[in-house]
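Visitor: This is a predicted model, with the sequence first.
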Amino acid sequence: MGEVHQSLLRTLFYTAIIGLLFYRSVQYFTSELPPIGSGLKRLPGPISTLPYIGRVHDVDRMQAWHALQKFSNQYDGLFSCTLGGETHIWVAREDVAQDLLCKHAAISSARADLGAYPDVTKGNKYLPLLGYNETFHRQQRFAHATMTRGISNKFHGYIGLEIKKFIHDLTANPQHFYDLIHLFCARVSARLAYGSADSAPEHITNADQFLGQIGPSGPWTNLVPFLRHLPDWVVPGQRAVTLRQEKEEKLWKELFDSSKEAGRTKTYVSASLEAKASGESGKPLFENETEAKYAVGMLCTVAVFTIAGPATLFAMAMILHPEWQDKVRAEIDEVVGDEMLDLKHNPQLPILRAAIKECVRWKSTVPLGVPRLLDEDYSYDGYHFPAGAVVHVLDIALSQDATLYVDPDKYNPDRWLSASSPNYKGPLTVHPRLKGHHIFGRGKRACPGQDLAEAELLVFCGNLVKCFTLGPKVDEAGEKVWPDPERWSTNVIGGPLEFECDIRVRESMNKDLVEKKDPETAEENM
């Protein structure tokens, strides 16, 4: 009887599993069907390898954009597929992206919960992941107001202070250029947030881990949502999420409290303490100080890799395309002379701005985009987009769209400078510029830190080329070893992986520009 009982239990168990998979498969297929009589078509897409799980046999989750770009080409820039029982829609058409995310932003500005971070959309910790709710609007207002204040004060001179330290450090240790780029970005961000750059290395570590945990290359719960109901120790990578959050909470609390107690002004911390809710005189903007600590910490964190990725990519582009390195340098030498390149030179540096913008067009640092959740049914071009679908704007495919860019595989800053180019926009004292580019998102969820990124990249990239020559590494056999632009971070926001190169101070460089500067003693830090 015992054996019969066990056999019956096994049969019931497997029947239940098969039934569940069948039910979810039917639910998936029917949920995508257009309303009867609507005349709309279901979106095309690749056939799922497994019911419920989705397409897995030819999609590398560590670099999913390669397969998705192929699907985009196959389905004319618009397709749908299932992942973990959820409908995912991939958009690689500029007209669809603009209509859905901008014109119909009211129904396409929500976020889907992440398996690794359950209920994150309903919390108050991470602005980029919040749902489209009052908490999001409150923190977005703070971010915009804080960045606007930074613009008016030219970010308190912190970018200029830190570029001096970067140039000195790179002169002394050119072999560490990759780490020094990230350190430069983190130090600027930490100064703006807390009034001190001391915590920069911790922000680099935290940002790298965070970005690795919120994308498809993170814990399996991001791809198979029902795994979130299992204990952390069962799911690979999930325990690391908990540990990172614990360290982050401690770090952000200590830094916030320290900056507050020191009475530092001109920081994100001081701005958060001064922020008031609109229409209610005297009432603090944030519900409590914990929310303020996370709002400040998140602004500090996201600015590290969103800027370091394009900065590293610029260095790679200058090595791979020395003719453009020469053009950028010639412009800088003529405009800037012997002084340090600063934001005041921006209107006179269109070639530099074009070289920077072409980097993120050539190799998107946000290849998969950041997903949105569709709140209501939507239709475009005769296709049905079902409510509840997760929508991705496939940035890598948009950047390589031959209908938008001539020879999209080619790094060619001239596409932004030549009046005969379809991508040209004048006047050259203003354009080309990064602000408004689709790597920063669209509509109501566009990145509030675009001006900071634009300013930081101009000063960094310009002074890098002004002070140094960049070339490929030469191996022991005398052969040049060129950086590989396909070696890429697996994070949702990334850039090139570390590569070796040859960086040397220009012989004609004024030694005063590369001597040691100690930004910690500057008055701007008070």
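Guide: Right, received. Where do you want to start?
Visitor: contacts, neighbours, all on C-alpha from now
Guide: Will do.
Visitor: what about Glu507, how many neighbours?
Guide: 10 (other C-alpha atoms under 10 Å).
Visitor: what about the nearest residue to Pro174 once chain neighbours are set aside, which SS state?
Guide: Distance criterion C-alpha to C-alpha, 6 or more residues apart in numbering; nearest residue to Pro174, sequence neighbours excluded, is Ile503 at 6.0 Å. Assigned by DSSP: H, G, I helix; E, B strand; the rest coil, the conformation of Ile503 is strand.
Visitor: my read: Ile503 touches Val465, true?
Guide: No: between Ile503 and Val465 there is no contact under C-alpha atoms under 8 Å: 10.1 Å.
Visitor: just to revisit the earlier point, could I get the contacting residues of the residue nearest to Pro174?
Guide: 174-175, 468-471 (C-alpha atoms under 8 Å, 6 or more residues apart in numbering).
Visitor: Let's see the ChimeraX selection covering just the buried ones among these.
Guide: In ChimeraX syntax, the buried subset of the contacts of Ile503 is picked out as below (16 or more other C-alpha atoms under 10 Å):
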select :174,468,469,470,471
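Visitor: Need the contacts of Ile503 in JSON lines (columns: pLDDT and secondary structure).
Guide: JSON lines is the format used below for the contacts of Ile503 (pLDDT from 0 to 100; DSSP: H, G, I helix; E, B strand; the rest coil):
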{"residue": "Pro174", "pLDDT": "97", "secondary structure": "helix"}
{"residue": "Gln175", "pLDDT": "96", "secondary structure": "helix"}
{"residue": "Phe468", "pLDDT": "98", "secondary structure": "strand"}
{"residue": "Thr469", "pLDDT": "98", "secondary structure": "strand"}
{"residue": "Leu470", "pLDDT": "98", "secondary structure": "strand"}
{"residue": "Gly471", "pLDDT": "98", "secondary structure": "strand"}
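Visitor: now, which of the contacts of Ile503 sits nearest Trp482?
Guide: Gly471 (8.4 Å; C-alpha to C-alpha).
Visitor: Give me the distance between the longest helix along the chain and the centre of its chain.
Guide: In the chain, assigned by DSSP state H, the helix with the most residues is helix 289-320. Taking C-alpha atoms, centre = their mean, to the nearest Å, one finds the center of helix 289-320 at 8 Å from the center of the full chain.
Visitor: Would you mind listing the buried residues in that helix?
Guide: So helix 289-320, judged by 16+ other C-alpha under 10 Å, has buried residues 291-320.
Visitor: mind showing which ranges of the chain have poor pLDDT?
Guide: 1-33, 35-38, 52-53, 56-57, 278-282, 510-526 (pLDDT under 70).
Visitor: Can you spell out the domain ranges of it, please?
Guide: 1-103+371-400, 104-370+401-525 (automatic domain parsing).
Visitor: Deepest in the core, which of those is it.
Guide: Mean neighbour count (mean count of other C-alpha atoms under 10 Å) peaks for domain 104-370+401-525 among the domains of the chain, with a mean of 19.
Visitor: nearest residue to His182 other than its sequence neighbours?
Guide: In space, and not counting its chain neighbours, His182 is closest to Ala308: 5.4 Å by C-alpha to C-alpha, 6+ apart.
Visitor: just Pro367 next, same as before
Guide: Nearest to Pro367 is Ile396, by C-alpha to C-alpha, 6+ apart, at 4.5 Å.
Visitor: From Gly443, how far out is that neighbour?
Guide: Between Ile396 and Gly443 the computed distance is 19 Å (C-alpha to C-alpha, to the nearest Å).
Visitor: Over to Tyr380?
Guide: 18 Å.
Visitor: circling back to that earlier point, tell me the helices and strands packed up against the longest helix of the chain.
Guide: Secondary-structure packing of helix 289-320 (3 or more C-alpha pairs under 8 Å, 6 or more residues apart in numbering; DSSP states H and E): helix 177-194, helix 200-213, helix 238-262, helix 268-274, helix 322-336, helix 350-362, helix 450-467, strand 468-474.
Visitor: Between these, which one is closest to Pro496.
Guide: Taking the helices and strands packed on helix 289-320 one by one with C-alpha to C-alpha, helix 177-194 is closest: 9.7 Å.
Visitor: quick one, that closest one and helix 200-213 angle?
Guide: 100 degrees (axes from the mean of the first three to the mean of the last three C-alpha atoms, to 10 degrees).
Visitor: contacts for helix 177-194?
Guide: So helix 177-194 is in contact with 155, 158-159, 162-163, 166, 169-170, 196-201, 203-204, 255-256, 259, 264, 266-269, 296-297, 299-301, 303-305, 307-308, 311-312, 498-499, 525, going by C-alpha under 8 Å, 6+ apart.
Visitor: again, 7 Å this time
Guide: 158-159, 162, 166, 170, 196-197, 199-201, 203-204, 255-256, 259, 267-269, 296, 300, 303-304, 307-308, 312, 498 (C-alpha atoms under 7 Å, 6 or more residues apart in numbering).
Visitor: For that helix, output the C-alpha coordinates as CSV.
Guide: What follows is helix 177-194 as a C-alpha-only set of coordinates in CSV (Å, rounded to 0.1, in the frame of the first residue of the first chain):
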residue,chain,number,x,y,z
PHE,A,177,43.2,54.3,-16.6
TYR,A,178,40.1,52.1,-16.5
ASP,A,179,39.8,52.3,-12.7
LEU,A,180,40.7,56.0,-12.7
ILE,A,181,37.9,56.8,-15.1
HIS,A,182,35.4,55.2,-12.8
LEU,A,183,37.0,56.9,-9.8
PHE,A,184,36.7,60.3,-11.4
CYS,A,185,33.0,59.8,-12.0
ALA,A,186,32.4,58.5,-8.5
ARG,A,187,34.3,61.3,-6.9
VAL,A,188,32.3,64.0,-8.7
SER,A,189,29.1,62.2,-7.8
ALA,A,190,30.1,61.7,-4.1
ARG,A,191,31.0,65.4,-3.8
LEU,A,192,27.7,66.5,-5.2
ALA,A,193,25.8,64.2,-3.0
TYR,A,194,27.6,64.4,0.3
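Visitor: That one versus helix 289-320: what angle between them?
Guide: Using the same axes, to 10 degrees: helix 177-194 against helix 289-320 is 150 degrees.
Visitor: Can you get me the centre-to-centre distance for helix 177-194 and its chain?
Guide: With C-alpha atoms, centre = their mean as the basis, helix 177-194 stands 16 Å off its chain's centre.
Visitor: And stretch 210-217, by the same measure?
Guide: 11 Å.
Visitor: start to end distance for that stretch?
Guide: End-to-end for stretch 210-217, by C-alpha to C-alpha: 12 Å.
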